[in-house]
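Asks: sequence and predicted structure below; questions after.
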Amino acid sequence: MCRTSLWKIEFSYKALSLFILETERLALRKLTATDAGFILELLNEPSFVKNIGDKGVRDHAGAAQYIQDGPIASYERFGFGLYCVELKDSRVPIGICGLLKRDSLPDVDVGFAFLPKYWYCGYAVESASAVMKHGRNVLGIGRIVAITAPDNHGSIKVLEKIGLKFEGLIRLSERESEVKFFAADI
């Protein structure tokens, strides 16, 4: 076998190892440093800053560091994290969705964020449902929780559609505002 063929096989294997799951319209894969431009755009959307928080990512290098310290570190530590959500047909990245393990919460939580031009298409429900199913069937997780800003009505609707129930208001730390807490045994 020639060197080119070996490289193609190795490249294909690496690409497959990033793939996590797919739905009818979406593909979810691990984030890599090559996603820094997309992450920079997403994290600086006014809706992201308002509803999730300002992550302080202002340039390409900061976005690459965010990916390394957040999602990639989570994949290595827990075997799951936030994934890049792409349109299956075009492989255009439209958002992130996945499972997180925060020190401030007793259970694994589901999180998602999408570029505004992809809102109201059902992508958040589709990807979050698939992530929860993956959590139950592949990772063996029995309970999933979620948090959202009290006035984030879009995310609240998504959480309710995927089967989570409102359990109350909580604070992740003393200095943070209250957030709505949802949970479901899956």
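Replies: Thanks, I have the structure now.

Asks: for the chain, which segments count as helices?
Replies: 3-18, 36-43, 46-51, 60-67, 73-78, 123-137, 153-161 (DSSP state H).

Asks: I'd like those helices as CSV, with mean pLDDT and distance to V145 appended.
Replies: No exception for glycine: its C-beta is placed from N, CA and C like everyone else's. Output for these, formatted as CSV (pLDDT from 0 to 100; distance: least, C-beta to C-beta, whole Å):
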stretch, mean pLDDT, distance to V145
helix 3-18, 46, 27
helix 36-43, 98, 23
helix 46-51, 96, 17
helix 60-67, 98, 23
helix 73-78, 97, 15
helix 123-137, 97, 11
helix 153-161, 97, 10
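
Asks: in TSV, list those along with mean neighbour count.
Replies: Shown next, in TSV, are the helices of the chain (neighbours: other C-beta atoms under 10 Å):
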stretch	mean neighbour count
helix 3-18	10
helix 36-43	19
helix 46-51	14
helix 60-67	18
helix 73-78	14
helix 123-137	20
helix 153-161	17
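
Asks: any chance of those helices in CSV, with distance to A183 too?
Replies: Formatted as CSV, the helices of the chain follow (distance: least, C-beta to C-beta, whole Å):
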stretch, distance to A183
helix 3-18, 30
helix 36-43, 26
helix 46-51, 19
helix 60-67, 27
helix 73-78, 19
helix 123-137, 12
helix 153-161, 10
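
Asks: can you pull up the bridge partners for the most centrally placed residue in the chain?
Replies: Nearest to the mean C-alpha position of the chain, by C-alpha atoms, centre = their mean, lies C97 at 2.3 Å. Under the criterion DSSP bridges, C97 forms beta bridges with Y83, F112.

Asks: what sits against it?
Replies: The neighbourhood of C97, defined by C-beta atoms under 8 Å, 6 or more residues apart in numbering, consists of L28, L82, Y83, V85, V110, G111, F112, A113, A124, S127, A128, V131.
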